[in-house]
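Asker: fold the following and give me the result.
(one chain, ligands or ions: 2)
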Amino acid sequence: MEVGAPDYLAGERQTAEFDVESMKVTWAGSRHALEVSDRMARLVASDPVFRKDNRVMLSRKELFKNTLRKAAHAWKRIVELRLTEEEASRVRFFVDEPAFTDLHWGMFVPAIKGQGTEEQQQKWLPLAYKMQIIGCYAQTELGHGSNVQGLETTATFDPKTDEFIIHSPTLTSSKWWPGGLGKVSTHAVAYARLIVDGQEHGVHGFIVQLRSLDDHMPLPGITVGDIGMKFGSGAYNSMDNGVLRFDNVRIPRDQMLMRVLQVTREGKVIQSDVPRQLIYGTMVFVRQTIVADASCALSRAVCIATRYSAVRRQFGSQNGGPETQVIDYKTQQSRLFPLLASAYAFRFVSEWLKSLYTDVTEKLQRGEFSTLPEAHACTAGLKSITTSATADAIEECRKLCGGHGYLANSGLPELFAVYVPACTYEGDNTVLLLQVARFLVKTVSQLGSGKVPVGTTAYMGRARHLIQCKSNVQSAEDWLNPQVVVEAFEARSLRMSVACAENLAKFPNPEEGFAQLAADLVEAAAAHCQLIVVTKFFEKLQQDIPGKGVKKQLQILSSVYALYILHKHLGDFLSTGSITPKQGALANDQLRSLYSKIRPNAVALVDAFNYTDHYLSSVLGRYDGNVYPTLYEEAWKDPLNDSVVPDGYQEYIRPLLKQQIRNARL
Ligand SMILES: CCCCCCCCCC/C=C\CCC/C=C/C(=O)SCCNC(=O)CCNC(=O)[C@H](O)C(C)(C)COP(=O)(O)OP(=O)(O)OC[C@H]1O[C@@H](n2cnc3c(N)ncnc32)[C@H](O)[C@@H]1OP(=O)(O)O
Ligand SMILES: Cc1cc2nc3c(=O)[nH]c(=O)nc-3n(C[C@H](O)[C@H](O)[C@H](O)COP(=O)(O)OP(=O)(O)OC[C@H]3O[C@@H](n4cnc5c(N)ncnc54)[C@H](O)[C@@H]3O)c2cc1C
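Answerer: Numbers count the residues shown, from 1 in each chain. Ligands and ions are numbered 1, 2, ... in the order given. Below you'll find the predicted structure:
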C-alpha cells in the first residue's frame, strides 16, 4: 500500500486477535521462505514488463508474444541478479502467467532427472538448466490421455543404425495437449511404445529434438503446431498447448530414458531393479506440486472475497447509520469461512505431502521401493480432492462478490478459467480417485493376512475397533477435540472402504465388480483423502507455532475445516453409523459458533497470505479496500469507452433508430 494512503480495511485489521506477521511466517513455511517470497513478489510487482492488468483484452497472438517477452525478461533478471533456484521459482510464481517455462522446469527437467541414467542427466540437464534447449512433456495423444498404456506412438529399435524410429501411425496417435509444444519447445520427452525385435515392452520416454536450434524450423519428419484457443479470455491461452506428429523420425538409441529399462547396442532389453511405475514418476512429482498450487489459488480467491465482503454493505441501516457489511451475514460466513479454512488446510497438507515425496525419493535412490504405492495414492488422491474443491471454491468466491465478481477486473473469472483445467491435467480427478480406491481395497483385502497397514492407512489396522465404535460426542464442545473428530473420520472412511470391498467380493470377476462399483469406490477414496487433510492439519498443530494467538487461530480453522467436511458429507457419516443425527446437529452448532470466532480475524487471516496487489490483480481484493473509486476509474479505461459514440453506430444503430422514427410517424 502507498505510504499515507487511506486504509478502508483498517478497522478490520484492528480487531485481529493474533500476530499477523507470525502467521505470515507459518503460512510461508519459514521466516526465510517468507523473506524470499516477499522480496521476489516486490521485484515482479515493481517491473512494468510484468504488468498483467490488460491480459484479457489482448488477442491470442498479442497475449502469446507478451508471454514470451515476460518469460525472456524473467530469465534475464534471474541471470543478472544471480537468483537462486528458490528465488527463481518464486519469480515465475509471481509473474503469474502460464508459460512454456512451467513445463520446461516443471516436467521436462524432472522427467530427465527421474527417468534418465546418470550419463543422460549429465548430457541433457546442463543444457536444460541454461535454457540452451527448451523442453516439454509429450505424453497425451488425441485418442488417449488417461489410459497411458493405450498410447499409440511407436519407438522401434533399428539395430542396423543403433537408432529408434519414432512414428505416429494413426491420427489418434498425434500428441495433443503438451504445454510449450505448440510454438516454443526445441525438444520433448515423448512417450511411445517401445518395440524391439518385433516385441512390445510398454510405454517409455524418449528425448526427441523437434525444432532446429538455428532457425526454430521443425526438423524433418516433424509436424507441430498449436491446438487452438482454450476456455476463457487471457487465462491458459498464454500457453502453446500443441499437436505433434512423427513421420519415422530417427533418434540415437541413447535418447531413450533408460533408468527403468535399458536397450543395449545389440538390441537386448534389460529391466533394471527399479519398478516400471517409475516411468510415471514425473506425474507423481507434479501432482505433489499441484496440491501446493491449490492452496495458492484458493487463498487468492478467498483473499479477494474476504476483503470485498468486509467492504461491501447491503441492507440493515438503522437510524440512518451504515448498512450491514455483507461479511456479517451468517450465510456469507458459512459459505466463505470454510473456504478460508480449506486454504490453510491445503497449505499444511501440501507441506506434509512434499516431505513424504522427498522421503520416498530418497528411499528410491537407495533402492527401497515399498513406499511407492502410498506415495502414488497420496499424490493422486490429494491432487484430486484439492483441485476439485479449489475450482468449486473460486466460483463460489465469485458469487460471494455479487455482480462485481463477474467483472474481469475482480480477478476471479480469469482465475477460475486458468485454474479449472487442474481438475483434468496431470490425471483426470475421477480417474485418480479410482487409483486411490484400488490401493484402499487392496489394503482392506490384506487386513486378515497379518500385513500391518502403515502410513496414511495405519488406521485400517484398527479395523476391529473402527468398524463398530460409537462416537461419544455429547455436546457441541466435544467436537473441538481433535481425537473425537479424527475417530469419526476414520470410522467413516474405513466403513466405506470395507463396504466397497464386501460388495466387490460378490462379483466373480473383480475387474467387472470394480467397474460396477466405481461411483462408490470414488466416494470411499475421497473420504480417505479428506481424513488425510484433517489429520495433517491437526498434526501441524502439534508443532511449535510461534506468535501471539497464531496457534489459537489455526485451531479454530482446523475445526472449521473438519466440521465443514463433516456437515457437507453428513450422509456418509450417518449411513455408515459413524455418528448419530443428534451428533451431526451438534457439529453444526459448533460450526456456527466457530464462524463467530473467525469473524474479527477474517481480514487479518487473508492478509497473512502476504499477497501483493499486483499478484492478486483484483479491484475487489485491494489491500486498502478502496474498491468503488477504482471500479469507477477502471470502467473508463475499457477500449469501448475510447470513443463516446461507438464504432458501428453509423452502420447499425443509426439506421435502426431512423427506422423507428419513420414507423412512429406512419
Ligand atoms: C524449479 C521450478 C519449478 C517450476 C514448477 C512449476 C510447476 C508447475 C507444474 C506445471 C503445472 C501445471 C501444468 C500442467 C501440465 C500438465 C501436464 C499433464 O497433464 S501430463 C499428462 C498427465 N497424464 C496423466 O496424468 C495420465 C493419467 N493416467 C495415469 O496416471 C495412468 O495411466 C493410470 C494410473 C490411470 C493407469 O495406469 P496403468 O493402466 O498403467 O496402470 P494400472 O492401473 O494397471 O496400474 C498398474 C500399477 O501401477 C500403479 N501406478 C499407477 N500409476 C502409478 C504412479 N504414478 N506411481 C506409482 N504407481 C503407479 C497402480 O496403482 C497399479 O498398482 P498395483 O499395485 O498393480 O495395483
Ligand atoms: C490445460 C491442459 C494442459 C495439459 N498439458 C499436458 C502436457 O503438458 N502434457 C501432456 O502429455 N498432457 C497434457 N494435458 C493432457 C491431460 O493430461 C489429459 O487431458 C488428462 O490426463 C485427461 O485425460 P483425457 O483427456 O484422456 O480424458 P479422458 O480420460 O478421455 O476423460 C474423459 C472422461 O472420461 C472419464 N474416464 C476416463 N477413464 C475413466 C475410467 N477408467 N473410469 C471412469 N471414468 C473414466 C473421465 O473421468 C472424464 O470424465 C493437458 C491437458 C490440459 C487440459
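Asker: please parse this structure into its domains.
Answerer: Domain ranges of the chain: 25-97, 135-272, 282-450+472-607, per automatic domain parsing.
Asker: just send those domains back as CSV, with mean pLDDT, mean neighbour count and distance to ligand 1 too.
Answerer: Where C-beta positions appear, they are placed from N, C-alpha and C, glycine not excepted. Converted to CSV, those look like this (pLDDT from 0 to 100; neighbours: other Cβ atoms under 10 Å; distance: least, Cβ to the nearest ligand atom, whole Å):
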stretch, mean pLDDT, mean neighbour count, distance to ligand 1
domain 25-97, 96, 16, 4
domain 135-272, 98, 19, 4
domain 282-450+472-607, 97, 20, 3
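Asker: and Val109, which of the ones you listed is closest to it?
Answerer: domain 135-272 (7.3 Å; Cβ to Cβ).
Asker: any residue of the closest one touching ligand 2?
Answerer: Yes - remark: domain 135-272 sits within contact range of ligand 2 at 137-140, 145-146, 177-179, 236, 241, by Cβ under 6 Å from any ligand atom.
Asker: of the domains of the chain, which is nearest His465?
Answerer: For His465, the closest of the domains of the chain is domain 282-450+472-607, at 8.8 Å, according to Cβ to Cβ.
Asker: ends of the closest one, how far apart?
Answerer: Start and end residues of domain 282-450+472-607 are separated by 34 Å (Cα to Cα, to the nearest Å).
Asker: now do that domain: distance to the chain's middle.
Answerer: 13 Å (Cα atoms, centre = their mean, to the nearest Å).
Asker: what of stretch 137-149?
Answerer: Offset of stretch 137-149 from its chain centre (Cα atoms, centre = their mean): 20 Å.
Asker: go on, stretch 192-203?
Answerer: On Cα atoms, centre = their mean, the centre of stretch 192-203 falls 33 Å from the chain's centre.
Asker: on that earlier part again, export the domains of the chain to a markdown table and tack on distance to Ser617?
Answerer: A markdown table is the format used below for those (distance: least, Cβ to Cβ, whole Å):
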| stretch | distance to Ser617 |
| --- | --- |
| domain 25-97 | 6 |
| domain 135-272 | 10 |
| domain 282-450+472-607 | 5 |
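Asker: quick one, what contacts the residue nearest to Tyr419 when sequence neighbours are not counted?
Answerer: Excluding its sequence neighbours, the residue lying closest to Tyr419 (Cβ to Cβ, 6 or more residues apart in numbering) is Ala297, at 4.8 Å. Contact analysis of Ala297 by Cβ atoms under 8 Å, 6 or more residues apart in numbering lists 390, 394, 415, 419, 422.
Asker: now, those that are in helices?
Answerer: 390, 394, 415, 419 (DSSP state H).
Asker: nearest to His104 among the residues you listed?
Answerer: Within the ones in helices among the contacts of Ala297, distances to His104 taken as Cβ to Cβ reach their minimum at Tyr419, with 20.9 Å.
Asker: what sits against the closest one?
Answerer: Counting by Cβ under 8 Å, 6+ apart, Tyr419 makes contact with 297, 387, 390-391, 394.
Asker: cutoff 6 Å now
Answerer: 297, 391, 394 (Cβ atoms under 6 Å, 6 or more residues apart in numbering).
Asker: from the ones in helices among the contacts of Ala297, which two are the most distant?
Answerer: Top of the distance list for these (Cβ to Cβ): Thr390 and Leu415, 9.9 Å.
Asker: export the contacts of Ala297 to TSV and tack on distance to Ser168?
Answerer: Output for these, formatted as TSV (distance: Cβ to Cβ, whole Å):
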residue	distance to Ser168
Thr390	35
Ile394	37
Leu415	36
Tyr419	31
Ala422	28
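Asker: that older thread, and which of the ones in helices among the contacts of Ala297 is nearest to ligand 2?
Answerer: Nearest to ligand 2 among the ones in helices among the contacts of Ala297: Tyr419, at 10.4 Å, using Cβ to the nearest ligand atom.
Asker: what is the neighbour count of Gly106?
Answerer: 20 (other Cβ atoms under 10 Å).
Asker: what helix or strand is the closest residue in space to it that isn't next to it in sequence on?
Answerer: If the residues on either side of it in the chain are set aside, Gly106 comes closest to Val286, at 6.1 Å by Cβ to Cβ, 6+ apart. Counting by DSSP states H and E, the element that carries Val286 is helix 281-311.
Asker: report pLDDT for whatever residue of the stretch 51-200 of the chain ends up closest to ligand 1.
Answerer: Residue of the stretch 51-200 of the chain nearest ligand 1, by Cβ to the nearest ligand atom: Gly106 (3.1 Å). On pLDDT, Gly106 comes in at 97.
Asker: next: Asp7.
Answerer: Reported pLDDT for Asp7: 82.
Asker: need the phi and psi values for the residue nearest to it when sequence neighbours are not counted.
Answerer: For Asp7, ignoring the flanking residues on the chain, the nearest one in space by Cβ to Cβ, 6+ apart is Asp624 at 5.1 Å. Dihedral angles phi and psi of Asp624 (degrees, to the nearest 10) take the values phi -80, psi 0.
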